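Colleague: Any chance you could fold what I've pasted below:
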Amino acid sequence: MDASSSADSVDREIELKLELDAAEVERLLEQLAPRGASAVPQTTVYYDTPAAVLRKHGFTLRVRQTRDRFVQTVKPTTDSAGLLSRAEYETEISSIDPDLAALSDSPLSHLVKDGQLDDLKAVTRSEVKRTSWVLEVGGSRIQADLDQGSIASHGHSQEFAELELELLSGDPACLLRAAKDVAERVPVRLGVLTKADRGALVGSGALRKIAKAAPVHVRDDMSIAEAFETILHACLKQYRRNEPLVLAKRKKDALHQARVAMRRLRSAFTLFKPAISDVEYQFLREELRWFSGQLGEARNLDVYLERELSDKDREALIVRRDQAYDHVLAAMDSQRFRLLLIELVGWAAFGTWRKTRNAAKPVEDYAAHRLNRLWSSIEHVGRHVADLDEETRHELRIQVKKMRYAIEFLRDLYPAATRAEKSFGGAVEDLQESLGKLNDLATARTLGVPQGDENWLIGSPDERPLIREAERAFNDLEGVGPFWREAHKADSGEA
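Modeller: Residues are numbered from 1 along each chain as shown. I've put the predicted structure just below:
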């Protein structure tokens, strides 16, 4: 929220961001904005040094011009998606250029004093028309800001439209109610990028590229609730970064990464189940299962089309694959799914589970306990890969996948075990890949995919080397062992 006077102000903004297509802007205004609401031109410039000092220290610095008023704002960067809660430091200044003297009471004061911000330059520029109004929801007051315009960085630009809902007073959970009301009237999507994020991605060209899972920063000073919410936001951000590439271009690698993001999120639900299971938990889990199921056939057919096939078989599979993608796009575009993402961020922040004693406990002890449970589900079965039937092998693959994701989520809790963690993680990935290839052979038959020759058959020469690969990967895994146990003992002073 902008400062209302020339004095510095420090506040905590709580906002929820929604994205929409430009074609839906008029519909949103007609449905929600009061009569007489007018658009005001707004220019925002983000600054950093050539060495990206601000980004490396975890802050953004912007100056926003609205008519003849200039407000300079410092905010910490965030990994959150959709729902943001963070401190902001605002000062009214005299021009669009940053005023270093006005940063004396901000977290950047030491950087100014050391001369590290002497060479600030503009890195991102946003030009929008902003239409604003206030909503009354459940006794709470919410600022609605609809921005439509462009953002430019390093010679690249992008048109965008987004709606920011910011709590002015009252219950933060009312932001969720307001967002759901918008989503039921207009096809909006959960926004996962700040303007600073968007500018950086536009400038680097990354918005046009596939987004793999980014590192998840779960710290040892976090509670279980904070850790889970951090993981959930990371998964949603990965999904939403890939979704436009599926919707617009049907990119198969983007679909794969979107599916991975959903799998990771479902694994997080399982990993944290004892702490987060409340009245909404099962509903949300089943909705995630439903949506993940909509992506499966298209992804499987993409994989099988990479095999050597006759022209006739390939043509038939392409028709099936295109139909499967139609199904995927319909699910992604559905109101059911768009509302689900909003429900997820709201539940993670305000769900009844957060009021329980477990949610407030430190994540480190909990993580060690849950990793031990996962390891026990893998250890004994993994020693007998060659003797397993398809169903048991499939269950092992699922547990291995959960272990891989759990390690990726929690690795920052064990900095002293970096080498062992990397070895363990590599072996887990190898085992998952081998079991996945074995599963592909079995799945091909259930989908009626042309099998070509006997090498597709379970028990064939094509399967045996994969079993040997899986055995070697498990031996490597067992050789490293549960690295987190020693790391946890050392951190807790038990060693």
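Colleague: From here on, just use CA atoms for contacts and neighbour counts.
Modeller: Will do.
Colleague: So which residues make contact with whichever strand or helix holds Val74?
Modeller: If you go by DSSP states H and E, Val74 is part of strand 69-76. Outside strand 69-76, the residues that touch it by C-alpha atoms under 8 Å, 6 or more residues apart in numbering are 2-3, 58-65, 86-96, 98-99, 106.
Colleague: Pairing partners for the biggest strand by length in the chain, with directions?
Modeller: Using DSSP state E, we find that the single longest strand of the chain is strand 121-137. Paired strands of strand 121-137, with direction, are strand 39-48 (antiparallel), strand 140-153 (antiparallel) (DSSP bridges).
Colleague: Can you add mean pLDDT, mean neighbour count and distance to Leu165 and give these back as JSON lines?
Modeller: Below are the strands paired with strand 121-137 laid out as JSON lines (pLDDT from 0 to 100; neighbours: other C-alpha atoms under 10 Å; distance: least, C-alpha to C-alpha, whole Å):
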{"stretch": "strand 39-48", "mean pLDDT": "97", "mean neighbour count": "19", "distance to Leu165": "16"}
{"stretch": "strand 140-153", "mean pLDDT": "97", "mean neighbour count": "21", "distance to Leu165": "5"}
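Colleague: could I get the ones you listed as CSV with distance to Glu429?
Modeller: CSV is the format used below for the strands paired with strand 121-137 (distance: least, C-alpha to C-alpha, whole Å):
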stretch, distance to Glu429
strand 39-48, 38
strand 140-153, 37
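Colleague: can you tell which of those strands is closest to Ala368?
Modeller: For these, proximity to Ala368 was assessed by C-alpha to C-alpha; strand 39-48 is nearest, at 39.5 Å.
Colleague: What residues of the strand holding Val74 count as buried?
Modeller: Phe70, Val71, Gln72, Thr73, Val74, Lys75, Pro76 (16 or more other C-alpha atoms under 10 Å).
Colleague: From the residues you listed, which one has the minimum pLDDT?
Modeller: Within the set of the buried residues of strand 69-76, pLDDT is lowest for Pro76 (89).
Colleague: so what's that one bridging to?
Modeller: Here Pro76, judged by DSSP bridges, has bridge partners Phe59.
Colleague: Now do it against Arg62, distance only.
Modeller: Distance, Pro76 to Arg62, by C-alpha to C-alpha, to the nearest Å: 12 Å.
Colleague: Arg393 too?
Modeller: 54 Å.
Colleague: Lys113 now?
Modeller: Distance of Lys113 to Arg62, given as C-alpha to C-alpha: 19 Å.
Colleague: So between the two, which is more surrounded?
Modeller: For the pair Lys113 and Arg62, the greater number of neighbours falls to Arg62 (24 against 14), based on other C-alpha atoms under 10 Å.
Colleague: so which strand or helix has that one?
Modeller: strand 59-66.
Colleague: helices and strands around that strand, which ones?
Modeller: strand 39-48, strand 69-76 (3 or more C-alpha pairs under 8 Å, 6 or more residues apart in numbering; DSSP states H and E).
Colleague: and it, which residues are buried?
Modeller: Going by neighbour count (16+ other C-alpha under 10 Å), the buried part of strand 59-66 is Phe59, Thr60, Leu61, Arg62, Val63, Arg64, Gln65.
Colleague: Mean confidence (pLDDT) on that strand, please.
Modeller: Mean pLDDT, strand 59-66: 97.
Colleague: Please apply the same query to stretch 361-376.
Modeller: For stretch 361-376, mean pLDDT is 95.
Colleague: how close does Lys401 get to Val192?
Modeller: 26 Å.
Colleague: Which one of these two is surrounded by more residues?
Modeller: Val192 (26 against 22).
Colleague: so the more buried one makes contact with Arg240?
Modeller: Yes: using C-alpha atoms under 8 Å, Val192 is in contact with Arg240, at 7.1 Å.
Colleague: quick one: the closest residue to Gly170 other than its chain neighbours and Ser85, what's the gap?
Modeller: Excluding its sequence neighbours, the residue lying closest to Gly170 (C-alpha to C-alpha, 6 or more residues apart in numbering) is Ser140, at 4.2 Å. Note on Ser140: its distance to Ser85, by C-alpha to C-alpha, is 17 Å.
Colleague: now swap in Trp347 and tell me
Modeller: Taking C-alpha to C-alpha, one finds Trp347 at 15 Å from Ser85.
Colleague: Which one of these two is surrounded by more residues?
Modeller: Neighbours were counted for Trp347 and for Ser85 using other C-alpha under 10 Å; Trp347 has more, 20 against 14.
Colleague: Can you check what pLDDT the model gives that one?
Modeller: 95.
Colleague: which residues sit against the strand holding Arg62?
Modeller: 40-48, 54, 70-77, 96-98, 196.
Colleague: Do a quick rundown of the helices in the stretch 201-350 of the chain.
Modeller: Assigned by DSSP state H, counting those that start in this stretch, the helices in the stretch 201-350 of the chain fall at 224-249, 252-271, 273-276, 281-304, 311-333, 335-350.
Colleague: before we move on, the earlier item: from the contacts of strand 69-76, list just the buried residues.
Modeller: Buried among the contacts of strand 69-76 by 16+ other C-alpha under 10 Å: 2-3, 59-65, 88-93, 96, 98, 106.
Colleague: Which per-residue confidence value corresponds to Val385?
Modeller: Here the pLDDT value assigned to Val385 is 87.
Colleague: Pull the number of nearby residues for the nearest residue to it once chain neighbours are set aside.
Modeller: Leaving aside its chain neighbours, Val385 sits nearest to Glu471 (6.5 Å; criterion: C-alpha to C-alpha, 6+ apart). Residues near Glu471, counting by other C-alpha under 10 Å, number 20.
Colleague: Flag every buried residue along whichever helix or strand Glu471 is part of.
Modeller: Secondary structure assignment for Glu471, by DSSP H and E: helix 464-480. Judged by neighbour count using 16+ other C-alpha under 10 Å, the buried positions of helix 464-480 are 466-467, 469-478, 480.
Colleague: Cool, thanks, talk later.
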